[in-house]
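Student: Sequence first, then the predicted structure, then my questions.
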Amino acid sequence: MSSNKKSESPVTNPVPWIFHTSLLLLGAVIALNLAIEFLRPIWPWLIGGFVLMAISWIVVAIVRWRRSRW
């Protein structure tokens, strides 16, 4: 029975961790930039849809509230 264990060192090299973290951060920044650029042309339509949905919800809530009083 041979034990082929690596020697566990309490101090590890931080360079790979920093490199992977920086690559992950770069990928997140690029993805966010692309998402913003793709959403920019339809942003007014999205806001208009949310406003229309909120107004409709408020109108329905008011109508239901006024009918339930009696």
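Tutor: Cool, got the structure.
Student: okay, CA-based contacts and neighbour counts for the rest of this
Tutor: Noted.
Student: The residue sitting nearest the centre point of the chain: what secondary structure?
Tutor: In the chain, the C-alpha nearest the mean C-alpha coordinate belongs to L32, at 9.1 Å (Cα atoms, centre = their mean). With DSSP: H, G, I helix; E, B strand; the rest coil as the basis, L32 sits in helix.
Student: Quick check: buried residues in the helix or strand containing V15?
Tutor: Using DSSP states H and E, V15 maps to helix 14-39. Using 16 or more other Cα atoms under 10 Å as the burial criterion, none of the residues of helix 14-39 qualify.
Student: how much distance is there from it to the middle of the chain?
Tutor: Using Cα atoms, centre = their mean, to the nearest Å, the mean C-alpha position of helix 14-39 is found 13 Å from that of the whole chain.
Student: cool, and stretch 56-63?
Tutor: Mean-position distance between stretch 56-63 and its chain equals 30 Å (Cα atoms, centre = their mean).
Student: Check the average confidence over that stretch, would you?
Tutor: Stretch 56-63 shows an average pLDDT of 96 in the prediction.
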